[in-house]
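Participant: sharing a sequence plus its predicted fold:
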Amino acid sequence: MRQVQLGNSHLNVSKICLGTMTWGEQNTEAEAHAQLDYAFERGINFIDTAEMYPVMARPETQGLTERYIGSWLKKTGLRDKVVIATKAAGPNASVTWVRGGRARNFDAANLKAAVDTSLQRLQIEHIDLYQLHWPSRNVPVFGNNVFNPRHERECVPIEETLAALGDLVRQGKIGAIGVSNESCWGVNEFVKQSELKGLPRIATIQNLYNLTARHYETSLLDETCYRENVSLLAYSPLAFGQLTAKYIDNPQAHGRLNIFPANWSPRYARPATVAAATRYAQLARDNGLAPTQLALAWCYSRWFVASTIIGATSLEQLKQNIDAYQVQLPLDLIKQVDQIHAEITNPGQ
């Protein structure tokens with residue numbers, strides 16, 4: 001599998017990244033290890049996790065995902081063969097248990113605590129890519145699409161956060177740094193502050209990108225990240241399974257859209273999202289493809305996607321997701337995808 005360099009970092013990663021957020025909730029430790037074994041055998045050297053995983057976030061399970069990865073690394077001895085990425089949780093009034101109830105934010109004390117506990121759970125001494133899970137400041141994320149100044153809140157200045165991350169880099173605890181769920185302004189501000197103050201420069205942005213959520217292309221993020229050499233790690237390429245058509249074929253299908261509360265991630269259950277997913281599924285089948293193949297091949301082939309983060313709750317799903325990397329989409333099919341997008345634009349954003 002082809003590898004790419006992440007931004008201006010020293011990291012070279014596979015075009016597919018193994019996502020892990022179901023481990024500890026929908027997957028056991030043994031199942032997590034089986035997925036890691038299989039992904040590594042298929043050439044995937046990039047693993048993404050977060051301190052707050054698994055989802056749904058609960059105090060009883062928080063940190064299990066990192067622990068499962070840590071036990072696999074210890075068992076296999078493959079630490080030097082893989083790139084480990086994890087994330088620090090940002091402010092969220094409903095998640096009170098992360099870091100022992102400490103006010104979660106991106107100041108030096110919080111970031112040190114977050115890194116130290118992730119290192120312990122992962123059983124490693126160095127995190128290759130350390131990311132900020134969502135911004136400290138007021139930004140519309142996770143299905144909120146409109147910026148509202150009335151929602152302004154106290155936040156940690158980006159310069160202060162970069163300085164804290166710089167200290168952790170110098171201590172050897174983390175390597176490259178990245179952001180997640182960020183805006184065009186945020187990326188520019190991170191780059192500006194790093195250049196003005198001689199602080200670490202972000203290498204990556206982990207943002208939502210799939211057939212029902214292509215905002216990255218139209219928010220100036222694609223040009224900004226291209227010109228500033230910030231690599232996109234695309235998450236949720238299957239829209240929580242909606243783009244596999246399993247919920248369309250069987251509304252009672254087992255998966256997080258049914259087993260989690262309806263208000264947990266409503267964007268993927270919106271009527272417009274379902275309508276778009278239905279159109280994409282039919283387009284795929286009309287062209288001899290499974291809906292999953294079309295959705296993933298789309299992400300894998302976009303010039304601005306450095307690596308696509310895939311997740312699975314079974315080895316069969318994981319195999320299908322990786323196999324889709326071999327699918328080449330004809331130009332005419334891409335045009336038909338764009339036509340559907342023009343008619344039903346970003347319903348899952």
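Facilitator: Structure received.
Participant: so where do the strands sit in this protein?
Facilitator: Under the criterion DSSP state E, the chain contains strands at 3-5, 12-14, 16-19, 46-48, 83-88, 127-132, 174-180, 202-208, 231-235, 305-310.
Participant: what comes up buried for the third one?
Facilitator: In other words, strand 16-19. Ile16, Cys17, Leu18, Gly19 (16 or more other CB atoms under 10 Å). No exception for glycine: its C-beta is placed from N, CA and C like everyone else's.
Participant: residue contacts, the last one?
Facilitator: Spelled out, that is Gly19. Gly19 makes contacts with Asp48, Tyr235, Ile309, Ile310, Gly311, as judged by CB atoms under 8 Å, 6 or more residues apart in numbering.
Participant: most centrally placed residue in the chain?
Facilitator: Tyr235 (3.8 Å; CA atoms, centre = their mean).
Participant: how near is the nearest residue to that one once chain neighbours are set aside to Gly19?
Facilitator: Excluding its sequence neighbours, the residue lying closest to Tyr235 (CB to CB, 6 or more residues apart in numbering) is Ile309, at 4.6 Å. Remark: distance between Ile309 and Gly19 (CB to CB, to the nearest Å) = 4 Å.
Participant: need the overlap of contacts for those two.
Facilitator: Asp48, Tyr235.
Participant: picking up where we left off before, which of the buried residues of strand 16-19 sits closest to Trp134?
Facilitator: The nearest member of the buried residues of strand 16-19 to Trp134, counting by CB to CB, is Gly19 at 16.3 Å.
Participant: what about the closest residue to the closest one other than its chain neighbours, neighbour count?
Facilitator: Counting by CB to CB, 6+ apart, Gly19 lies nearest to Gly311, which is 3.6 Å off, once chain neighbours are set aside. Burial of Gly311 is recorded as 26 neighbouring residues (other CB atoms under 10 Å).
Participant: what's the answer for Asp167, then?
Facilitator: Asp167 - counted by other CB under 10 Å - has 15 other residues nearby.
Participant: let's see the pLDDT reported for it.
Facilitator: pLDDT, Asp167: 98.
Participant: now it: how far from Lys173?
Facilitator: Here Asp167 is placed at a distance of 9 Å from Lys173 (CB to CB).
Participant: what does Ala312 give?
Facilitator: Going from Ala312 to Lys173 by CB to CB gives 30 Å.
Participant: neighbour-wise, which of the two wins?
Facilitator: Ala312 (23 against 20).
Participant: contacting residues around the spatially closest residue to Glu159 that is not a sequence neighbour?
Facilitator: What sits nearest to Glu159 in space, not counting adjacent residues and going by CB to CB, 6+ apart, is Gln193, at 4.6 Å. Residues counted as contacts of Gln193 (CB under 8 Å, 6+ apart) are Ile158, Glu159, Leu162, Leu199.
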